[in-house]
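1. any chance you could fold what I've pasted below:
(chains A and B)
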Amino acid sequence: MNITPYRIILCDGTACINSGSRKLAAALQEQLAKHGLTDTTTIGLSGCLGMCDKGPILVVNPGYTIYGRVTEDDIPEIVEEHLVHGRPLARLAIQEDHLYNRFFRVFGDAKFFGKQMRITLRNCGIIDPENIDDYLSLRGYEALAKAITDMTPEQVVAEVEKSGLRGRGGAGFPTGRKWKLTAAEKATPKYIICNADEGDPGAFMDRSAIEGDPHTVVEGMTIGGYAIGAERGFVYIRAEYPLAIRRIRRAIEDARAHGLLGRNILGSNFSFDIEIRLGAGAFVCGEETALIHSVEGMRGMPRPRPPYPAAVGLYGQPTVINNVETWANIPVIILDGANWFRTVGTETSKGTKVFALAGKVVNTGLIEVPMGTTLREIIYDVGGGIPFGKRIRAIQTGGPSGGCLPEQYLDTPIDYESLAKAGSIMGSGGMIVIDEDSCMVDVARFFLEFTQDESCGKCTPCREGTKRMLEILTRITEGKGLPGDIEKLERLGTMIKKASLCGLGQSAPNPVLSTIKNFREEYEEHIKEKKCRAKVCKSLINYEIVEKCVGCGACRRVCPVGAISGVAKSRHAIDQDKCVHCGMCFNTCKFEAIAKA
Amino acid sequence: MSTPLELIRKKRAEAVSRIIGKGYLSTKRVYVGMATCEIAAGSKDVMEVFQKAVSRGLTDVYLSQKGCAGRCNLEPTVEVIEAGKSPVKYGRVDKERAQQIIDRHLKNGEIIKEWVID
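-> Residues are numbered from 1 along each chain as shown, chains lettered A, B, ... in the order given. Here you go, the predicted model:
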């Protein structure tokens, strides 16, 4: 009797559901029960596995046997032959070797990975990033070789265009079109830039991608160089990422040593090399024209577009500038083909998106999901829900340029258009889950404080406007909000968005405007009732000493303004007129005797 | 003259044999997460424990680092992979746990269930 603890994965992607995958689960349960395998076999669901044309897909682990076009009638045979006798069914097994599959061979069907799909991060966490052999062994640089051997530069551009890949830095401009425009420019030399100037608070997608698999970025950029006719590329990465810098540098050196960068790559007449430029950590340098200035050695400030970098970029030459994640998709598109890539995602947004999932969620971490996955699936299936049984209040996407979406938008599918329609943005991939313990006004203030600080100061709407908005927000959180402040914020925010020079200013008011739109009543409570329902805004909290007080005197000693009085071993009291709402008594009390009201 | 595609396939074959030469086919492959996030959570210490064990004669183990797989809240992570078996992923590994993974799992084949990420 075979007692291997088999794990069966049923693809729960739309295409597989349409071809009848959901009927298989019941048939499977029935057969497992018949053979007494119910206790030893687990059945899990996965997100789209990208083999839609062969659906429904059923995977048996260990062994990673993939069965395609499975019908209910096939189930008894699969269970009998494979699970009972350990003989995989050759008749239904399909041999697919998509690059991303390996990741799941290693990580199997853990709940966290079930709805994920890894294209960009296909090697992250499974290879040694400092060993080029590991990358080469997983068909590394084969896409580059394929492009040079079998494709003309025009064909490479056409393939990327056909794939539907859009810029992962946030704006979502079609990558293929960008390449096509640059390739069509007559001026030479042309340049390739990788934007690794990741600046959103709480975002770490690019860092992890480079640290986990730097060669993918090198290969993607080199293919880009071949496609547009560039011989030099630059990785612009912030100096705060020492490990990522070390690994990308090592990857470039190793690639050179193997003839994968430099003169006459792999014996062809195509030459390309990559240099690293370190950024000093200014947020605005993530904006492409500011970044280009910084690479040139000038102060990182944006300039009006057009002309776009595709025509006038680095040193005034045609330049393709793409984000780390965009570059990491290129080798997969070339190797597995645009037709396959197009099967993943939604009508307008193809492929996957990496998110840094953070905030009030059980499984914080780096995730990659197919476009079209809903926010609910990300938070509750991948993220494991909200800790301590709390309620979700909002989900923030796009970092300081994005917006806060309340609970009713949880079923929004992730793609560029749907998120924009809901009032937020895709952004570069920051995703922060906010629960009922957070004050939405304070959240907005936090993000605006960041952008106000990072404003480069070149244009007035952004420099002065964000400052004034922050002043208003601060006074609202301090209980000094005035009637009309909300309208003032709206007017100012709309004006800054319209009049600012670059993306920083054009998006800076978003966190404020979206929280006003979705949580207006909280703003009103702060202003009219001087009340913060989440009890976050310190000035709006009144502290009281309740019956639990044992009279230890710790709060009295720590109070900086002498607002607490009382004798030893009896209940103390706070003089509300003297209290400055600093919260030190609350933090000091060991007996939970101080309450927020 | 070989084409770039033929060249890269040759390079891949060479890379594979180099990896095998380093002991990749050993019974147990151990991967320690070494991205910034993992290191911040203490994975350098964990790596040291494994390196020491290997230098002191722990055999049949292929030790390697890896990047971030995304399980931030459970880092540092260590994976033990054996051919034909489900991979075992340990979370929140510290020096103490690393030593126990060596003594109990690598040497005696015991999977320490309470630390496994599932």
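
2. near chain A, which residues of chain B are found?
-> B:1-5, B:7-9, B:11-12, B:14-16, B:18-19, B:31, B:33, B:35-37, B:39, B:64-73, B:79, B:81, B:84-87, B:89, B:117-118 (Cβ under 8 Å from any Cβ of the partner chain). (C-beta placed from N, C-alpha, C; glycine too.)

3. PyMOL command for the buried members of these?
-> Buried subset of the residues of chain B next to chain A, written as a PyMOL selection, criterion 16 or more other Cβ atoms under 10 Å in any protein chain shown:
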select buried, chain B and resi 3+4+5+7+8+9+11+12+15+16+18+19+31+33+35+36+37+39+64+65+66+67+68+69+70+71+72+73+79+81+87+89+117
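
4. out of the residues of chain B next to chain A, which are inside helices?
-> Under the assignment DSSP state H, those contribute B:4-5, B:7-9, B:11-12, B:14-16, B:18-19, B:36-37, B:39 to helices.

5. pull the most distant pair out of those residues.
-> The span of those, defined through Cβ to Cβ, is set by B:Leu5 and B:Ile39 at 37.5 Å.

6. so whatever residue of the stretch 101-250 of chain A ends up closest to chain B versus A:Glu240, what's the distance?
-> Of all residues in the stretch 101-250 of chain A, A:Gly212 sits closest to chain B, at 2.2 Å by Cβ to the nearest Cβ. According to Cβ to Cβ, to the nearest Å, A:Gly212 stands 18 Å off from A:Glu240.

7. more neighbours: which of those two?
-> A:Gly212 (28 against 15; other Cβ atoms under 10 Å in any protein chain shown).

8. residues in contact with the more buried one?
-> Going by Cβ atoms under 8 Å, 6 or more residues apart in numbering or on different chains, A:Gly212 touches A:Leu121, A:Asn123, A:Cys124, A:Gly125, A:Ile127, A:Pro129, B:Ala35, B:Lys66, B:Gly67, B:Cys68, B:Ala69.

9. and the pLDDT at the nearest residue to it once chain neighbours are set aside?
-> Spatially, and ignoring its direct neighbours in sequence, A:Gly212 is nearest to B:Gly67 (2.2 Å; Cβ to Cβ, 6 or more residues apart in numbering or on different chains). On pLDDT, B:Gly67 comes in at 90.

10. list the contacts for B:Gly67?
-> Counting by Cβ under 8 Å, 6+ apart, B:Gly67 makes contact with A:Asn123, A:Cys124, A:Gly125, A:Ile127, A:Pro129, A:Ser208, A:Glu211, A:Gly212, A:Asp213, B:Gly33, B:Met34, B:Ala35.

11. for A:Arg277, give me phi and psi.
-> Phi and psi for A:Arg277, reported as degrees, to the nearest 10, are phi -120, psi 130.

12. now do the contacts for A:Ile237.
-> A:Ile237 sits next to A:Cys194, A:Ala196, A:Asp197, A:Ile210, A:Ala244, A:Ile245, A:Ile248, A:Ile276, A:Arg277, A:Leu278, A:Gly279 when contact means Cβ under 8 Å, 6+ apart.

13. quick one: average pLDDT of whichever strand or helix holds A:Val60?
-> Assigned by DSSP states H and E, A:Val60 belongs to strand A:58-61. Average pLDDT, strand A:58-61: 81.

14. show me what it is packed up against.
-> strand A:7-11, strand A:65-67 (3 or more Cβ pairs under 8 Å, 6 or more residues apart in numbering or on different chains; DSSP states H and E).

15. adding mean neighbour count and mean pLDDT, write the ones you listed out as CSV.
-> Below are the helices and strands packed on strand A:58-61 laid out as CSV (neighbours: other Cβ atoms under 10 Å in any protein chain shown; pLDDT from 0 to 100):
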stretch, mean neighbour count, mean pLDDT
strand A:7-11, 22, 81
strand A:65-67, 21, 84
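
16. nearest to A:Tyr135 among the ones in helices among the residues of chain B next to chain A?
-> B:Ala15 (8.2 Å).

17. for that closest one, give its distance to A:Val354.
-> As judged by Cβ to Cβ, B:Ala15 and A:Val354 stand 26 Å apart.

18. what is the least confident helix or strand in chain A?
-> helix A:101-107 (a mean of 61; mean pLDDT, DSSP states H and E).

19. what is the neighbour count of A:Arg299?
-> Neighbour number of A:Arg299 under other Cβ under 10 Å is 12.

20. count the neighbours of the closest residue to it other than its chain neighbours for me.
-> Nearest non-adjacent residue to A:Arg299, counting by Cβ to Cβ, 6+ apart: A:His293, 6.6 Å away. When neighbours are counted by other Cβ under 10 Å, A:His293 registers 19.

21. how far away is the residue in chain B positioned nearest to chain A from B:Met34?
-> Closest approach between chain B and chain A, counting by Cβ to the nearest Cβ: B:Gly67, at 2.2 Å. The spacing between B:Gly67 and B:Met34, counted by Cβ to Cβ, is 7 Å.

22. who's in contact with A:Ala230?
-> Shown in contact with A:Ala230 (Cβ under 8 Å, 6+ apart): A:Pro189, A:Lys190, A:Tyr191, A:Ile192, A:Gly224, A:Phe272, A:Val320.

23. actually A:Ala143, not the one I wrote
-> A:Glu219, A:Ile223, A:Ile330, A:Pro331, A:Val332, A:Ile334, A:Leu335.

24. can you tell me what sits against the host helix or strand of A:Asn587?
-> Under the criterion of DSSP H and E, A:Asn587 resides in helix A:584-588. With contact meaning Cβ under 8 Å, 6+ apart, helix A:584-588 is reached by A:Tyr543, A:Ala554, A:Cys555, A:Val558, A:Cys559, A:Pro560, A:Ile564, A:Ile574, A:Ile594, A:Lys596.

25. just the ones of the residues you listed in helices?
-> A:Ala554, A:Cys555, A:Val558.

26. low-confidence ranges in chain B?
-> Within chain B, the stretches with pLDDT under 70 are B:1, B:83-86.

27. now do the residue nearest to A:Arg299 against chain B, distance only.
-> 28 Å (Cβ to the nearest Cβ, to the nearest Å).

28. what ranges does the stretch 301-450 of chain A have for its strands?
-> A:319-323, A:352-359, A:365-370, A:392-397, A:403-406, A:430-435 (DSSP state E, counting those that start in this stretch).

29. out of the ones you listed, the one nearest chain B is which?
-> Using Cβ to the nearest Cβ as the measure, strand A:365-370 is the one of the strands of the stretch 301-450 of chain A that comes nearest chain B, at 3.7 Å.

30. does stretch A:240-253 reach chain B?
-> Yes. Stretch A:240-253 is in contact with chain B by Cβ under 8 Å from any Cβ, via A:Tyr241, A:Leu243, A:Ala244.
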